[in-house]
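Asks: quick one, what's the 3D model for this:
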Amino acid sequence: MFKYSYNSLVYHGEDLRASAERLARFGYDAIELVGEPDQCDFGQVRALTADYGLEVSSICSIYSAERDLGHPDAAMRARAVAYMKSVAEMAAEVGAPTIIAAPVANMRIRELGSREDEWKWAVEGIRAGAEHAASLGVNVCIEAWNRFESYMLNRLDQAEAMRRDVGLPNVGIMGDTFHMNIDEADMSQAIRQNGAALIHFHLADSNRAAPGEGHTDFEPILRALHDVGYKGYLTFELLPAAADPFGVMRRGGGQVFFEAYTEQAIDRIKRIERKLEAEAWTE
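Replies: Modelled structure (predicted):
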């Protein structure tokens, strides 16, 4: 019913071959790559995914402080658009159907100017990047982050409003259960209300660990995704519960996110998937 991917963001510093081997061994369909085109060997990606029978599900763009599509500084916005276009080119090179876009930099939790102007600039930037992506056969999904990481989009309905303003057929939205757990009143209801626009989806438990480690109930979430006819990948984006998760990884922490959580994540969610399939057969 669903296709499964794992965001290599958490495999910080690991050789791509080791990541690909692990995902193939645990039954994943694809890998999500980190959106740093200058650090990616496209030929290696193509060779390793072919060797291990994987696809590249998506590119997880990194909207750091110097990549801000809604920034009042026009030069900053231009750099962010150029970055978005380079990520679309990366996706085309490695065969990924989708790239992720965010309207403002991660951890920008307040306006720097007019909220209306920043929305307009973000829409214009996403549209410019998405037009280039469309010429390459690549889709763009707009992601909403929780209120502690972004002020602009915190819920699926807000991402959907921005998608409508962008107004391009290759632009959709994505959900992420870690963010949704904070800012959606009802995650499954949000999926049902905005499901027609969903083209990508991230899974993580309430503490951003593997399903089963927090308090998120994934059964109604998967049921809602099934009911709206979601056809994209379910991608696990798991990170250590720290203000600086990559610092944790650099210091050698978070080892459970490699073998143990990679296996646990897909096992727990596939167990729910099998239950839903069994219910469908008895209806």
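Asks: give the contact list for Met1.
Replies: His226, Glu273, Leu276, Glu277 (CB atoms under 8 Å, 6 or more residues apart in numbering). All C-beta spots, glycine's among them, are computed from the backbone N, C-alpha and C.
Asks: quick one: buried ones out of the residues you listed?
Replies: His226, Glu273, Leu276 (16 or more other CB atoms under 10 Å).
Asks: the lowest-mean-pLDDT helix or strand in the chain - contacts with which helices or strands?
Replies: Within the chain, confidence by mean pLDDT, DSSP states H and E is lowest for helix 245-250 among all helices and strands, at a mean of 81. Helices and strands in packing contact with helix 245-250 are not found; criterion 3 or more CB pairs under 8 Å, 6 or more residues apart in numbering; DSSP states H and E.
Asks: chain center to the helix or strand just after that helix, what's the gap?
Replies: For helix 245-250, the following helix or strand on the C-terminal side (DSSP states H and E) is helix 259-282. Mean C-alpha position of helix 259-282 versus that of the full chain (CA atoms, centre = their mean, to the nearest Å) differs by 20 Å.
Asks: helix 259-282: which residues count as buried?
Replies: Tyr261, Thr262, Gln264, Ala265, Ile266, Arg268, Ile269, Ile272, Glu273, Leu276.
Asks: of the residues you listed, closest to Arg22?
Replies: Nearest to Arg22 among the buried residues of helix 259-282 is Thr262, at 5.7 Å by CB to CB.
Asks: my read: that closest one touches Glu21, true?
Replies: No. Counting by CB atoms under 8 Å, Glu21 is not a contact partner of Thr262; they are 11.0 Å apart.
Asks: so what pLDDT did Arg251 get?
Replies: According to the prediction, Arg251 has pLDDT 84.
Asks: cool, and Glu184?
Replies: As predicted, Glu184 sits at a pLDDT of 98.
Asks: how about it, phi and psi?
Replies: Per-residue torsions, Glu184: phi -90, psi 140 (degrees, to the nearest 10).
Asks: OK, contacts around it?
Replies: Arg155, Leu156, Ala190.
Asks: helices of the chain, start to end?
Replies: For the chain, the helices defined by DSSP state H occupy 16-25, 42-52, 74-94, 115-135, 156-166, 177-183, 187-194, 218-227, 245-250, 259-282.
Asks: any chance of these in a markdown table, with distance to Ser64 too?
Replies: Formatted as a markdown table, the helices of the chain follow (distance: least, CB to CB, whole Å):
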| stretch | distance to Ser64 |
| --- | --- |
| helix 16-25 | 22 |
| helix 42-52 | 22 |
| helix 74-94 | 9 |
| helix 115-135 | 15 |
| helix 156-166 | 20 |
| helix 177-183 | 18 |
| helix 187-194 | 27 |
| helix 218-227 | 29 |
| helix 245-250 | 12 |
| helix 259-282 | 25 |
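Asks: least confident of those, on average?
Replies: Minimum mean pLDDT among these: helix 245-250, a mean of 81.
Asks: closest one of the contacts of Glu184 to Glu149?
Replies: Distances from Glu149 to those, taken by CB to CB, are shortest for Arg155, at 13.1 Å.
Asks: can you read off the pLDDT for the closest one?
Replies: Note on Arg155: pLDDT of 98.
Asks: who's in contact with it?
Replies: Shown in contact with Arg155 (CB under 8 Å, 6+ apart): Ala144, Met180, Asp183, Glu184, Ala190.
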